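**Student:** What follows is a predicted structure for the sequence shown.
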Amino acid sequence: FVRLRILNGSARKGIRFGVSDSYDGPLEDLEDFYLVASDGGYLPAPTQITSLVNGPGARDEIVLDLRDYQPGDVLYLRNLKEMLPNSVIGSPIAAPNGGGQDTTIGRAFLQIRIASDDEFAEYTPVDAFTPFTTSWIPELADTANVAKHRLKRLVNMGPGKGFTIDSMTYDMMTLNDTVCVNTKEIWAIRNVSPIAHPFHIHKIQFRVLDVIDSLGNELDLVELGLNGPKDDVLVFPGWTLRFLGYFNDYPSPIAPTNGYMYHCHILEHEDRGMMGQFLVLEPGATPRPMQMGTSAPTTAGHGGHGG
């Protein structure tokens, strides 16, 4: 068994990947693999799938079963760009809406060549994979005593005007949200624009509660690989995705000058203002006035990514 951690480090392209013993063979020949972890840690249990969508900034960990392969065999981590809808930047399918552009190159991201154990000194192969179960906070059903519900809309502002969150271009002197420390919140991310956006929030790992598509159908989170701890999720046009976040992991005492970000993880979009910021405060505290200088919030960066 081989474990791979896959990071989509593209500035704007989404990908769909799979595993095959052919560089460009038919999609029916894809091999199964196990998805075991997402952005922030292990899934509740391994998921056996044949392909997965991964947006900019997202991380996935997969396990490949190579027991039936022989030295000299070759395996590919396939670039399944043809399976991406044209709402995703990186799809080869042309679209007038901003998706379907700047497609990824080639048919594979990685070639894996199977070699004999004898070629690796002091190497002990892993020849068994034990299914696991794990739990993490917040639990899926732990929706009691939610302090606040928030709605964030991903909006197309019109030709040449770019995209925003809630029709507001980011202003570093504006606090978009204030969160009380050690509380749970449910955020709904609704994409009313024509392209897919990777929504990323700093400092927490959230649990996706449900995804409703443009036709009103509730989608399977396990099939989508969205049943693990996330901080970056690709939200397709027409989707409303709800997540549960627990805002508990912050320095003590709480610093009222530390602002944390949420934004689209397409670099061009966030640079043009598709983001917002939130403060985390003690109960009853009041945000300081937004002024340039020492009293202005200091935006927390990507240290530890998602932190």
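**Tutor:** Cool, the structure landed. Numbers count the residues shown, from 1 in each chain.
**Student:** With residue 111 as the reference, measure out to the spatially most distant residue from the centre of the chain.
**Tutor:** Among residues of the chain, the one most distant from the C-alpha centroid is residue 118; the distance is 38.8 Å, by Cα atoms, centre = their mean. Plainly put, residue 118 is 21 Å away from residue 111 if you go by Cβ to Cβ, to the nearest Å. The way it works is simple: take the backbone N, C-alpha and C, and place the C-beta from them, glycine included.
**Student:** Now do the strands in the stretch 51-200 of the chain.
**Tutor:** Assigned by DSSP state E, counting those that start in this stretch, the stretch 51-200 of the chain shows strands spanning 51-54, 59-64, 74-79, 108-113, 146-156, 163-165, 177-180, 183-191, 197-201.
**Student:** could you dump these to a markdown table with mean neighbour count and distance to residue 208?
**Tutor:** Listed next are those as a markdown table, based on neighbours: other Cβ atoms under 10 Å; distance: least, Cβ to Cβ, whole Å:
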| stretch | mean neighbour count | distance to residue 208 |
| --- | --- | --- |
| strand 51-54 | 20 | 14 |
| strand 59-64 | 20 | 14 |
| strand 74-79 | 20 | 25 |
| strand 108-113 | 14 | 25 |
| strand 146-156 | 16 | 14 |
| strand 163-165 | 23 | 18 |
| strand 177-180 | 17 | 19 |
| strand 183-191 | 19 | 10 |
| strand 197-201 | 26 | 11 |
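**Student:** Can you convert those strands into CSV and add a column each for distance to residue 20 and mean pLDDT?
**Tutor:** Formatted as CSV, the entries for the strands of the stretch 51-200 of the chain read as follows, by distance: least, Cβ to Cβ, whole Å; pLDDT from 0 to 100:
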stretch, distance to residue 20, mean pLDDT
strand 51-54, 10, 96
strand 59-64, 11, 96
strand 74-79, 5, 96
strand 108-113, 8, 95
strand 146-156, 33, 96
strand 163-165, 34, 97
strand 177-180, 44, 93
strand 183-191, 31, 96
strand 197-201, 25, 98
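**Student:** Quick check: which of these is nearest to residue 228?
**Tutor:** Proximity of those to residue 228 was assessed by Cβ to Cβ; the nearest stretch is strand 59-64, lying at 8.8 Å.
**Student:** The closest one packs against which elements?
**Tutor:** strand 2-7, strand 33-38, strand 51-54 (3 or more Cβ pairs under 8 Å, 6 or more residues apart in numbering; DSSP states H and E).
**Student:** Moving along the chain from the second one, name the first helix or strand you hit.
**Tutor:** For strand 33-38, the succeeding helix or strand toward the C-terminus, using DSSP states H and E, is strand 41-49.
**Student:** For that next one, which residues meet the burial criterion?
**Tutor:** By neighbour count with 16 or more other Cβ atoms under 10 Å, strand 41-49 contains the buried residues 42-44, 46-47, 49.
**Student:** what does stretch 5-22 give?
**Tutor:** Judged by neighbour count using 16+ other Cβ under 10 Å, the buried positions of stretch 5-22 are 6, 8, 10, 12-21.
**Student:** need the helices for the stretch 101-250 of the chain, in chain order.
**Tutor:** Secondary structure of the stretch 101-250 of the chain, counting by DSSP state H, counting those that start in this stretch: helices at 221-224.
**Student:** Show me the shaky parts of it.
**Tutor:** Where the stretch 101-250 of the chain drops to pLDDT under 70, the residues are 101-102, 137-141.
**Student:** Of the strands of the stretch 51-200 of the chain, which is nearest residue 262?
**Tutor:** Of all the strands of the stretch 51-200 of the chain, strand 197-201 sits nearest to residue 262, with 4.1 Å by Cβ to Cβ.
**Student:** List the strands paired with the closest one, with their directions.
**Tutor:** As defined by DSSP bridges, the strand partners of strand 197-201 come to strand 232-235 (antiparallel), strand 258-264 (antiparallel).
**Student:** Just checking, which helix or strand succeeds the last one along the chain?
**Tutor:** Put plainly, it is strand 258-264. On the C-terminal side of strand 258-264, the nearest following helix or strand under DSSP H and E is helix 267-271.
**Student:** quick one: average confidence on that following helix?
**Tutor:** Averaged across helix 267-271, the pLDDT comes to 95.
**Student:** contacting residues around residue 247?
**Tutor:** For residue 247, the residues meeting the contact criterion (Cβ atoms under 8 Å, 6 or more residues apart in numbering) are 179-185, 203-204, 280.
**Student:** Include pLDDT and distance to residue 247 when you put the buried residues of strand 41-49 into JSON lines, please.
**Tutor:** Compiled in JSON lines, the buried residues of strand 41-49 are given as follows (pLDDT from 0 to 100; distance: Cβ to Cβ, whole Å):
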{"residue": "42", "pLDDT": "92", "distance to residue 247": "22"}
{"residue": "43", "pLDDT": "92", "distance to residue 247": "22"}
{"residue": "44", "pLDDT": "89", "distance to residue 247": "22"}
{"residue": "46", "pLDDT": "92", "distance to residue 247": "29"}
{"residue": "47", "pLDDT": "94", "distance to residue 247": "28"}
{"residue": "49", "pLDDT": "96", "distance to residue 247": "31"}
